[in-house]
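K.L.:
Next input, structure requested:
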Amino acid sequence: MSELRILGVPGSLRKNAYSLGLLRAAVEVAPKDVRIELADIHGFPLFNQDDEKSPPEPVRAFREQARSADAILFSLNEHNYTLSAAEKNALDWGSRPYHENVWNGKPAGIMSASVGMLGGARAQYDLRRAMVFVNMFPINRPEVIVPFAAQKFNADGVLTDETARKFIADHLTELVRFARLLRPGP
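P.N.:
Numbering: from 1, shown residues only. Just a heads-up that it's a prediction; the model follows:
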């Protein structure tokens, strides 16, 4: 079977953000025929419809990464009960202009981590609602929701919780299965 390419989109700009730690763990537990590339969403200006037809270079590069990926893996930090501004901004840049929506028809995985007891579940819900409009296909189970994240990551942002790592591996297995079902061609 040919290699499957997944673009991991972090939910924070922080160096050791929990969302980035989840993506790094995903890279470590990914099946051998899967390559996860991490998006860099630093330096994106706030989305402005006046600029959607001529976005800055970092946005153009990100859009091309998303367009060429077989699937997307969003990793969220919950800010004020919802998506972080950085994640929402990346989602918006990828969706516009409408006829160039890079998310259209893409299978997607969603992971989240938060210091609270809900582990980012509210942010996941908000992303799922946005996915309806941009026409993405999120997998539903198994969910990756990591509560009390401060106890499950070390000081370097490495996920140390084996149960969470197992959920990530299972989530990736389902995302890969789903992406192969939706993948065009042989």
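K.L.:
Can you pull the poorly scored residue ranges out of the protein?
P.N.:
1, 184-186 (pLDDT under 70).
K.L.:
For it, just list every one of the helices.
P.N.:
Remark: helices assigned in the chain by DSSP state H are 18-29, 57-68, 85-95, 121-134, 162-182.
K.L.:
Which neighbouring elements make contact with the fourth one?
P.N.:
Pointing back at helix 121-134 there. strand 71-79, strand 82-83, helix 85-95, strand 107-113, strand 137-138 (3 or more Cβ pairs under 8 Å, 6 or more residues apart in numbering; DSSP states H and E). Glycine gets a C-beta too; all of them are placed from N, C-alpha and C.
K.L.:
That one to helix 18-29, inter-axis angle?
P.N.:
If you take axes from the mean of the first three to the mean of the last three Cα atoms, to 10 degrees, helix 121-134 sits at 80 degrees to helix 18-29.
K.L.:
for the residue nearest to residue 101 when sequence neighbours are not counted, what are its contacts?
P.N.:
Excluding its sequence neighbours, the residue lying closest to residue 101 (Cβ to Cβ, 6 or more residues apart in numbering) is residue 95, at 4.9 Å. Contacts of residue 95 were listed using Cβ atoms under 8 Å, 6 or more residues apart in numbering, and they are 101, 102, 103, 133, 134.
K.L.:
could you redo the last one with a cut-off of 10 Å?
P.N.:
47, 52, 63, 66, 101-104, 130, 133-136 (Cβ atoms under 10 Å, 6 or more residues apart in numbering).
K.L.:
And for stretch 43-52, what's in contact with it?
P.N.:
13, 55-59, 62, 85-86, 88-98, 100.
K.L.:
One more: stretch 166-173?
P.N.:
Contact with stretch 166-173 is made by 4, 6, 22-23, 25-31, 34, 36, 71, 73, 75, 109-111, 139, 141-146, 159, 161, as judged by Cβ under 10 Å, 6+ apart.
K.L.:
And the buried ones among those, selectable in PyMOL?
P.N.:
Filtering the contacts of stretch 166-173 down to the buried ones (16 or more other Cβ atoms under 10 Å) takes a single PyMOL command:
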select buried, resi 4+6+22+23+25+26+27+29+30+34+36+71+73+75+109+110+111+139+143+144+145+146+159+161
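K.L.:
Could you report the neighbour count for the closest residue in space to residue 118 that isn't next to it in sequence?
P.N.:
Among residues not flanking residue 118 along the chain, residue 147 sits closest, at 6.4 Å (Cβ to Cβ, 6+ apart). Counted with other Cβ atoms under 10 Å, the neighbours of residue 147 add up to 17.
K.L.:
Kindly report the same for residue 79.
P.N.:
Neighbours of residue 79 (other Cβ under 10 Å): 17.
K.L.:
Contact partners for the closest residue to residue 28 other than its chain neighbours?
P.N.:
Once flanking residues are discounted, residue 28 sits nearest to residue 165: 7.8 Å by Cβ to Cβ, 6+ apart. By Cβ under 10 Å, 6+ apart, residue 165 lies in contact with 22, 25, 26, 28, 29, 144, 146, 152, 159.
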